[in-house]
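Visitor: Predicted structure and sequence below. I'll ask about it afterward.
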Amino acid sequence: MSLASLAQTQSHQIQRKRLNIGDTVPSKYQLDNLVNYHSKTAKISDFRGKLLILDYWFTGCTPCITSWPKLIKLQEKFEGKIQIMLVNHMESEYTVQSFIDRWNKRNDFSFNIPSVTEDSVLFRVLPPSGYPTIIWIDETGVFRSVTDGGGLTEYNVQSLLEGDKFNLETLEWLDRRNVLDYGLPLFDDGNKGIGKNMIWYSRVSSYSDELSTQLIESADSSGYYVTSSNWSILDQIRNAYGRGSDSDLFRNPLPYNRIILKAQDSSRYLHNINGVTQHQNLYTYQLISSEPKTKNQLKKIMQEDLNRYFHLTTEWRKIKKKCLILAVKDSIINIDSLEYSKPRFRYYQQERKFTIEGMSIDYLFRFLENATNHFYSSYPLIDETGFKGELNIVFDESNVTNFDYYFPDNYRLFFEDYELLNKALEQYGLSLTLEDRNIDILVIDDSDDFQPIQRELTQEEKIANTREKDKMLVLSAASKKDWGSYKNHFIYYVNKYLMNNYSELNAHAWEFYKNKFITDEVALNEALKWAKRSIELNSYPQNNDTYAAILYKLGRKQEALAAAQKALEMYNSAGIDGSQTLQLIEKIKAL
């Protein structure tokens with residue numbers, strides 16, 4: 001469905017935001033909140049005459065940090081000819097500087113590569129496709145290529161410096177979706193723009209493999225638009241009814257526990273069924289205005305469009321439900337007063353603790369709803385504390401017992417257990433209990449006359465479905481603890497689909513090493529092959545450690561020892577804790 005209004009108007013047009021390979025990067029783009037640099041700001045034009053290499057990273061990205069010694073060597077070798085510039089759009093200047101300071105203390109040399117922090121410009125016009133992502137801008141300011149971290153090599157640097165202007169090999173998964181401008185019509189005129197007279201545009205489209213599943217919105221000087229691509233009807237509605245302030249309405253989707261769906265056929269609302277993506281159920285919604293609109297106005301229009309197109313009736317009703325109530329015990333909240341520029345949840349492995357830092361209660365609820373299974377929980381979260389400040393809470397052995405701090409993913413299990421969380425919150429004067437409340441629930445009802453459009457799956461969709469079915473065979477065998485079938489299905493799946501994905505190869509090779517039921521030489525040699533391939537694609541400490549561990553499990557002592565020592569050297573060079581590899585070395589020596 002396309003609702004386009006044409007009128008003679010002089011109103012401003014939506015500005016393009018993303019740059020394509022071959023475009024000149026505007027000189028005016030500013031690099032802000034710099035650390036390790038002689039000033040706090042710089043402009044792209046300051047580096048004309050040099051090869052500018054942007055490296056997207058964040059402090060929790062291990063492959064990013066392990067590449068730092070390489071970056072230092074490349075900058076030193078090509079000093080005066082190149083400038084490597086880290087770009088961090090997730091974290092504050094304080095966080096980044098503190099992290100670098102700690103890294104420097106653990107190493108014999110200092111990390112002196114500059115970094116942008118709290119970036120709000122570069123990641124919009126030159127978006128990363130994972131971390132690290134490397135953006136190559138030549139000495140004339142032309143965007144030449146984008147690669148993963150493995151593409152940042154001396155050979156590639158030298159090639160561009162010597163005038164080799166052909167594009168470097170780009171990431172395998174950097175396809176059309178990464179150069180689309182989501183502020184312009186996706187499927188009209190090759191995504192090149194809108195007519196001079198168009199002031200309004202909204203459209204619903206079926207699934208497209210050219211698009212990622214994501215939501216992108218803007219209501220500022222860069223444009224007024226919403227693009228919500230490849231979501232189910234239910235998720236589109238959740239996006240449209242997002243809660244919060246006008247600045248972040250679309251980033252806080254309505255939780256499932258705030259929705260009642262009255263549908264003639266509920267299966268058409270589902271993103272996946274039995275683990276298989278239902279591409280025929282996925283849609284893209286796009287709304288563009290060339291006149292100023294707030295996000296709240298855009299949201300209301302999106303709600304109306306979705307109801308109209310999908311023949312839905314939506315209304316808020318007061319309904320009594322069991323809810324998780326956060327309240328104050330004894331009218332006192334014992335919260336430390338700390339200063340942080342941005343709210344964050346942090347895991348500290350060496351200090352063996354989790355922290356909530358500078359979080360409002362609203363932000364904490366978002367974390368619980370989005371990062372844990374409370375997102376799918378039957379129990380809505382209700383704040384009855386009346387507290388308007390920021391929470392600074394430490395979870396450690398003083399308030400949490402029998403919890404394994406050495407596995408970061410386990411914090412999700414902790415937060416999903418509200419009774420355990422309540423116990424930890426008690427010392428701060430807070431309580432989390434299950435009680436009845438009358439709350440607003442969004443009721444979604446089908447229209448009687450709606451007839452969904454049926455279509456044949458494309459070949460690409462059929463391939464994707466086949467892959468997901470193969471994956472379900474692995475998961476099903478694992479759930480039944482049928483390790484023989486699990487092993488066979490897993491080997492087939494990895495060899496068929498993942499041989500060019502270094503992180504997945506490493507993760508699955510490690511899984512075979514850790515699984516005590518996988519001991520036969522044939523299966524372990526498959527895992528060894530995956531670890532070796534991962535290293536070939538992108539060598540970093542973890543996959544070298546995995547390679548050594550599998551050699552150890554195979555009983556190949558000398559090879560295992562050499563591989564483990566190499567992994568330990570890489571950990572030390574990167575300033576990362578290698579104690580687990582040290583333990584592995586002791587095990588190998590004991591063979």
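Guide: Perfect, thanks for sending it.

Visitor: Spatially central residue in this protein, please.
Guide: Gly130 (7.8 Å; Cα atoms, centre = their mean).

Visitor: how many neighbours does the residue lying closest to Asn36 once chain neighbours are set aside have?
Guide: Once flanking residues are discounted, Asn36 sits nearest to Pro114: 4.4 Å by Cβ to Cβ, 6 or more residues apart in numbering. To be clear about C-beta, it is placed using only N, CA and C from the backbone, and glycine gets the same treatment. As a burial measure, Pro114 scores 17 neighbours (other Cβ atoms under 10 Å).

Visitor: is it true that Pro114 touches Tyr37?
Guide: Yes. Using Cβ atoms under 8 Å, Pro114 is in contact with Tyr37, at 3.9 Å.

Visitor: any low-confidence regions in the stretch 301-450 of the chain?
Guide: 330-353, 367, 369-377, 396-416, 447-450 (pLDDT under 70).

Visitor: Which residue ranges of it form strands?
Guide: 312-328, 344-348, 353-359, 381-383, 391-395, 430-446 (DSSP state E, counting those that start in this stretch).

Visitor: Give me the contacts around the last one.
Guide: Just to be clear, that refers to strand 430-446. 234, 237, 241, 254, 258-265, 311-329, 333, 379-380, 382, 385, 418, 421-422, 425 (Cβ atoms under 8 Å, 6 or more residues apart in numbering).

Visitor: low-scoring stretches of the stretch 51-200 of the chain, by residue?
Guide: 164-198.

Visitor: sorry, back to before: I'd assumed the residue nearest to the centre of the chain was in a helix, is it?
Guide: No. Secondary structure of Gly130 (DSSP: H, G, I helix; E, B strand; the rest coil): coil, not part of a helix.

Visitor: any idea what sits nearest it, other than its immediate chain neighbours?
Guide: Asp148 is the one closest to Gly130 (Cβ to Cβ, 6+ apart), at 6.8 Å.

Visitor: Just to check, the one you found is in contact with Asn538?
Guide: Yes. At 6.9 Å, Asp148 counts as touching Asn538 under the criterion of Cβ under 8 Å.

Visitor: Of the two, which one has the most company?
Guide: A count of neighbours by other Cβ under 10 Å puts Asp148 above the other of Asp148 and Asn538, at 22 against 19.

Visitor: which of the residues in stretch 284-295 are buried?
Guide: If you call a residue buried by 16 or more other Cβ atoms under 10 Å, then stretch 284-295 has these buried ones: Thr284, Tyr285, Gln286, Leu287, Ile288, Ser289, Ser290, Lys293, Lys295.

Visitor: Now do the helices in the stretch 401-550 of the chain.
Guide: In the stretch 401-550 of the chain, the segments counted as helices under DSSP state H, counting those that start in this stretch are 410-416, 418-425, 459-479, 483-497, 502-514, 521-537, 541-553.

Visitor: Quick check: mean pLDDT of the fifth one?
Guide: Mean pLDDT, taken over the full extent of helix 502-514, equals 86.

Visitor: Okay, angle between it and helix 483-497 too, please.
Guide: Interaxial angle, helix 502-514 versus helix 483-497 (axes from the mean of the first three to the mean of the last three Cα atoms, to 10 degrees): 160 degrees.

Visitor: got a list of contacts for helix 502-514?
Guide: For helix 502-514, using Cβ under 8 Å, 6+ apart, the contacting residues are 150, 490, 494, 498-499, 518, 523-524, 526-528, 530-531, 533-535, 537-538, 542-543, 546-547, 549-550, 553.

Visitor: And the helices in the stretch 201-350 of the chain?
Guide: Going by DSSP H, counting those that start in this stretch, the stretch 201-350 of the chain shows helices at 233-240, 295-309.

Visitor: Give me whichever of the ones you listed is most buried.
Guide: helix 233-240 (a mean of 24; mean count of other Cβ atoms under 10 Å).

Visitor: Report all helices and strands that that one contacts.
Guide: Contact analysis of helix 233-240 by 3 or more Cβ pairs under 8 Å, 6 or more residues apart in numbering; DSSP states H and E lists strand 223-232, strand 259-262, strand 282-289, helix 295-309, strand 312-328, strand 430-446 as its packing neighbours.

Visitor: Dump that helix to CSV, restricted to CA.
Guide: Extracted in CSV, the C-alpha atoms of helix 233-240 (Å, rounded to 0.1, in the frame of the first residue of the first chain):
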residue,chain,number,x,y,z
ILE,A,233,2.6,-7.8,12.1
LEU,A,234,2.7,-8.2,15.9
ASP,A,235,6.2,-6.7,16.1
GLN,A,236,5.3,-3.9,13.8
ILE,A,237,2.5,-3.0,16.2
ARG,A,238,4.9,-3.3,19.2
ASN,A,239,7.2,-0.8,17.5
ALA,A,240,4.4,1.6,16.7
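
Visitor: picking that back up, who wins for proximity to Leu122 among the strands of the stretch 301-450 of the chain?
Guide: Checking the strands of the stretch 301-450 of the chain against Leu122 by Cβ to Cβ gives strand 344-348 as the closest, at 21.3 Å.

Visitor: Find out how far stretch 523-543 is from the centre of the chain, if you would.
Guide: 24 Å (Cα atoms, centre = their mean, to the nearest Å).

Visitor: Tell me the buried residues in it?
Guide: 523-524, 526-535, 537-543.
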